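# Mind folding the following:
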Amino acid sequence: LKRQSISQQNLALFEEELDIRPKVSSLLSRLVNYTNITQGAKEHEEEESAEASRRKTPKSPNMGTLMGVYLPCLQNIFGVILFLRLTWIVGMAGIMQSLLIVLMCCSCTMLTAISMSAIATNGVVPAGGAYFMISRSLGPEFGGAVGLCFYLGTTFASAMYILGAIEIFLKYLVPQAAIFHGTDPLGSDSAMLNNMRVYGSICLTLMAVVVFVGVRYVNKLASLFLACVIISIVSIYAGAIKSMTHPPEFPICMLGNRTLVRDRFDVCAKTVIQGNITVPSQLWERFCLPGNMSSAQCDDYFIQNNVTEIQGIPGLGSGIIRENMWGNYLQKGEILEKAGLQSVDTHGALDNFGMYVSADIATSFTLLVGIFFPSATGIMAGSNRSGDLRDAQKSIPVGTILAITTTSLVYLSSVVLFGSCIEGVVLRDKFGDAVRKNLVVGTLSWPSPWVIVIGSFFSTVGAGLQSLTGAPRLLQAIAKDNIIPFLRVFGHGKTNGEPTWALLLTGLIAELGILIASLDMVAPILSMFFLMCYLFVNLACAVQTLLRTPNWRPRFKYYHWALSFLGMSMCLALMFISSWYYAIVAMGIAGMIYKYIEYQGAEKEWGDGIRGLSLSAARYALLRLEVGPPHTKNWRPQLLVLLKLDEDLHVKYPRLLTFASQLKAGKGLTIVGSVIQGNFLDSYGEMQAAEQAIKNMMEIERVKGFCQVVVASKVREGIVHLIQSCGLGGMKHNTVVMGWPYGWRQSEDPRAWKTFINTVRCTTAAHLALMVPKNVSFYPSNHERFTDGNIDVWWIVHDGGMLMLLPFLLKQHKVWRKCKMRIFTVAQMDDNSIQMKKDLATFLYQLRIEAEVEVVEMHDSDISAYTYERTLMMEQRSQMLRQMRLSSAERQREAQLVKDRHSLVRMGSLYSDEEEEVVEAPPEKVQMTWTKERPTLLCLSFLLQPRDQSNVRRMHTAVKLNEVIVNRSHDARLVLLNMPGPPRNADGDENYMEFLEVLTEGLERVLLVRGGGREVITIYS
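Residues are numbered from 1 along each chain as shown. Sure, this is the predicted structure:
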């Protein structure tokens, strides 16, 4: 206690902060505990919770660079392609192009490893490896898309490894195990594929069971599998060196320059001598009809060409490298021929085609790139184990880059060794038919071909198990992040956290790969998914580096954005080189996942780089916009919608937002503003609640825009603040939308309409356009559709074309699309109405706006008695209200009591509840008598004429115009009308409201429009 009180004394200045924020010492101790915990598939945010820290801390991870990163990477990178396909790639592409293929693929993975090292050393990376790094760097959408690409890649990799293992098993280990057998060469191909499907499915099931029963067995066997790989590779080098002096005996039988399948006959000769008699050999019997040795019944090609035997493995010192230097691509079914041998080219019988070694698929440089690339993947193995490393930030870069360097050197040297030691036709022979069905790499190895056959079988099985173990965990990590709702079920597993459901899905997807049954078909598929993943790792690094995000401080310093961009470009190039249609499909899948996550609204804030990129792009665009006002062609209403809230902070007129969304259709800027009356310090919580209420309503009404609530001592001032300060730089509003102050006549409080008129004056002063939808509750919702009807525009004064533009924009929305547009303009006595109509039609034609045109003539007429009566009523009402406001102190006291009662909840509506500065004016000589219910006016003025003739003239205009508008547009869906400006003298404000009421009387939906003093529509293109 004493120590605690001392520490409190030392930090007394920070007492308030310490209540809500931790001390530095407690924060540091929590962080240290956090990084020491082994990360399983647990999200690192959960690890920080108090619940996690109360648990017993497991033993700290202690794997170093060699065991934790280097060897797992080696094991994942070296795989089935090295043993089964590299010799064939060298044979088809030649040494030079093979070196280019290896160099391209290895450079791509090296550049990706550099980017990955930068990301992996920029903070703690829990389990999930690549997915975790990308999602936290590029955001949930990219993270989900790439995570699933990586998952699919790993899953198809397991299918590829299983197919490789089955190929070794059926071709080289136990050929007798085949279930299906083909009679002709084509049949034998399809029989082989069916065998692969059956055995592949059995193998996949067994592996899935092993993974389900216990991953620890897989991890224990990992070192055994790695040993198999290393022994196999060493035996290749040993064999190559030995071949300099003692090349292994693997003779190949050639007929002319064509290669023969060696296991179909015993002796490589046309005849054999038994005793002293020359008899036909097995080879002769294959090419000739049974019977005597006359030449008539034999194959033409067989008769005219000699049978020769050449050495399959001439050895390092033979100079065979010159022949294998350049490519020799073949079409499907083309027979393998050796260039230097003498041959008479005649057509042989088709029946004997099965005797020759032929190409099983058409080959090209691009195809070989797609097949080879999987043997460069596997670089993520270290980063996937980041939770088990003693010092992940040091081990991951060193281990991964060393592993890639080692494997690249092995691949490059293997290409040269194979080209220098092995005969070209043997290299091009994919399944070793010419060397008695031996694995081609095996023929070179020392001490025996079986070393490689058995070693490669175990290593491929091991790699398959590793992929089947890793893929479900990756899916589980994605599912637990909860960014893709339909994957949620795969986040669950056994009680010990093993991902059961994810394993099931992985097994099903891998089964699809196995049903394809051809290693050469599956390899390009997983190349796509891995390249997609690597592309985004490079993008993540480049984006973070270029944005200079404050949190971007990798310990690994040897990276540069240019290298990341180069890596990204190489990934993209390799995708399209190896298979453009697979590339488009992979991008389509990634794009669909991206849009799905975006649409579902992944509510995750991971401090990702894309948010930073958006910010940079927005800043750049805003600075560009700052150059000057938009050209008339680009002008569109950028709205500031002023909303009124009730006491419960609910939007009073949500149809204002509906109207805004119909006018904007998601384009341009919409700011929704409101004012809360009060003190900022006291009303901050209220302000946030109001902001949330408005945002919810915006979402319901599908308004895409921003919300701004301000707190001000007076609503009028708050509105002025909004009009002045909303927006940023060039993204400012140019149009204000506000509601009509309903019930202003009945209200004894003049503040409602005074705020309204003040806002009209402010918008005019700020050169902003103004729209006032009257009777806004009758406006259509977004779900209604008008199938017919008119939008009528009453164009009385030119306002820059706002009246023409607004109906055009409204008609873009499905609610108003079927409405027709009519434009009315008013002609005075001295106007030529026929010419006006023609001019207006021409003007509209040039504006490219379709509308009916009508010119309404307003004849000069005497001011009617009705006009006088309305003017008189208006003047007397305002006089009476003014008198009432200046009445006895008793009423003021009563008002004060009411005000005190309401002062607890002073919710600012836009047009009321604020102190009105009362200007003392000399009382009019009007006699008032007060009763308890209501003041009654006894006045002789009823008999008098209105005092102000300008009021009479204005009222006359309002009455006449209203008459004409109601007559023509009483059934219109919407009437747009010029809004007259407020009087210069503030004394006539109340009369102005009356004029507007008279002008719009009897119309269901009216939109009063006031231009902002600039042209908004143009006839020019």
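
# rest of the way, CA atoms for contacts and neighbours
Will do.

# Please work out the average pLDDT along the helix or strand hosting residue 512.
Following DSSP states H and E, one finds residue 512 within helix 500-516. When pLDDT is averaged over helix 500-516, the result is 91.

# One more: stretch 305-319?
87.

# can I get the CA coordinates of it in CSV?
What follows is stretch 305-319 as a C-alpha-only set of coordinates in CSV (Å, rounded to 0.1, in the frame of the first residue of the first chain):
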residue,chain,number,x,y,z
ASN,A,305,16.1,-48.4,-91.7
ASN,A,306,18.8,-50.0,-89.6
VAL,A,307,18.5,-50.8,-85.9
THR,A,308,21.3,-49.2,-83.8
GLU,A,309,22.0,-49.0,-80.1
ILE,A,310,23.3,-45.8,-78.5
GLN,A,311,24.3,-45.0,-75.0
GLY,A,312,21.5,-43.4,-72.9
ILE,A,313,23.9,-41.8,-70.4
PRO,A,314,27.1,-40.8,-72.3
GLY,A,315,28.4,-39.0,-69.2
LEU,A,316,29.8,-35.6,-68.3
GLY,A,317,32.8,-35.9,-70.5
SER,A,318,31.0,-37.0,-73.7
GLY,A,319,30.2,-33.5,-75.1
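
# How far does that stretch sit from its chain's centre?
Chain-centre distance of stretch 305-319: 57 Å, with CA atoms, centre = their mean, to the nearest Å.

# One more: stretch 448-460?
Worked out by CA atoms, centre = their mean, stretch 448-460 lies 44 Å from the chain centre.

# In that stretch, which residues are buried?
Neighbour counts over stretch 448-460 (16 or more other CA atoms under 10 Å) mark 449-460 as buried.

# Now do the same contact list for residue 76.
The contact partners of residue 76, by CA atoms under 8 Å, 6 or more residues apart in numbering, come to 377-379, 381, 463.

# would you turn those residues into TSV with distance to residue 816, pLDDT and secondary structure?
Shown next, in TSV, are these (distance: CA to CA, whole Å; pLDDT from 0 to 100; DSSP: H, G, I helix; E, B strand; the rest coil):
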residue	distance to residue 816	pLDDT	secondary structure
377	56	87	coil
378	58	84	coil
379	58	87	coil
381	58	77	helix
463	63	86	helix
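
# between those residues, which is closest to residue 428?
Closest approach between the contacts of residue 76 and residue 428, by CA to CA: residue 377, at 24.3 Å.

# Check the contact between that closest one and residue 528; I expect there is one.
No - using CA atoms under 8 Å, residue 377 makes no contact with residue 528, being 11.2 Å away.

# and those two? which has more neighbours close in?
residue 528 (32 against 27; other CA atoms under 10 Å).

# Which helix in the protein has the most residues?
When the chain is parsed with DSSP state H, its longest helix is helix 129-168.

# so what does the following helix or strand past it touch, helix or strand wise?
Beyond helix 129-168 in the direction of the C-terminus, DSSP H and E gives the next helix or strand as helix 185-213. Counting contacts by 3 or more CA pairs under 8 Å, 6 or more residues apart in numbering; DSSP states H and E, helix 185-213 packs against helix 129-168, helix 215-242, helix 449-481, helix 500-516.

# now with 7 Å?
Counting contacts by 3 or more CA pairs under 7 Å, 6 or more residues apart in numbering; DSSP states H and E, helix 185-213 is packed against helix 129-168, helix 500-516.

# Check those for me and report the most buried one.
Most buried of those by mean neighbour count (mean count of other CA atoms under 10 Å) is helix 129-168; its value is a mean of 27.

# How far off centre is that helix?
Taking the mean of its C-alpha atoms, helix 129-168 sits 17 Å from the chain's own mean (CA atoms, centre = their mean).

# Taking helix 185-213 as reference, get the angle to that helix.
Helix 129-168 and helix 185-213 are oriented at 130 degrees to each other (axes from the mean of the first three to the mean of the last three CA atoms, to 10 degrees).

# Now helix 129-168: average pLDDT?
The average pLDDT within helix 129-168 is 84.

# With stretch 989-1007 instead?
Rounded mean pLDDT across stretch 989-1007 is 83.

# how far does it sit from the chain's center?
With CA atoms, centre = their mean, you get 50 Å for stretch 989-1007.

# Could you export that stretch as CSV, CA atoms only?
Extracted C-alpha coordinates of stretch 989-1007, given in CSV (Å, rounded to 0.1, in the frame of the first residue of the first chain):
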residue,chain,number,x,y,z
ASP,A,989,-39.7,38.9,-43.4
GLU,A,990,-43.0,37.7,-42.2
ASN,A,991,-44.8,39.0,-45.3
TYR,A,992,-42.2,37.1,-47.4
MET,A,993,-43.3,33.8,-45.8
GLU,A,994,-46.9,34.7,-46.5
PHE,A,995,-46.0,35.4,-50.2
LEU,A,996,-44.4,32.0,-50.5
GLU,A,997,-47.4,30.3,-48.9
VAL,A,998,-49.8,32.0,-51.3
LEU,A,999,-47.5,31.2,-54.3
THR,A,1000,-47.5,27.4,-53.5
GLU,A,1001,-51.1,27.0,-52.3
GLY,A,1002,-53.0,24.1,-53.6
LEU,A,1003,-50.0,22.2,-55.0
GLU,A,1004,-49.1,18.8,-53.6
ARG,A,1005,-45.3,18.6,-54.2
VAL,A,1006,-43.4,21.8,-54.8
LEU,A,1007,-39.6,22.3,-55.0
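
# Any chance you could give me stretch 542-559 in CSV, C-alpha atoms only?
Output of stretch 542-559 as CSV, limited to C-alpha atoms (Å, rounded to 0.1, in the frame of the first residue of the first chain):
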residue,chain,number,x,y,z
ALA,A,542,5.4,-1.7,-52.2
VAL,A,543,2.3,0.1,-51.0
GLN,A,544,3.5,0.3,-47.4
THR,A,545,7.0,1.5,-48.5
LEU,A,546,5.6,4.2,-50.9
LEU,A,547,3.0,5.4,-48.5
ARG,A,548,5.6,5.7,-45.7
THR,A,549,3.1,4.5,-43.2
PRO,A,550,4.2,5.5,-39.7
ASN,A,551,3.9,1.9,-38.5
TRP,A,552,6.1,0.6,-41.4
ARG,A,553,9.4,0.0,-39.6
PRO,A,554,10.7,-3.4,-40.7
ARG,A,555,13.9,-4.8,-39.1
PHE,A,556,14.8,-6.3,-42.5
LYS,A,557,16.4,-3.3,-44.2
TYR,A,558,17.3,-4.7,-47.6
TYR,A,559,14.1,-4.1,-49.4
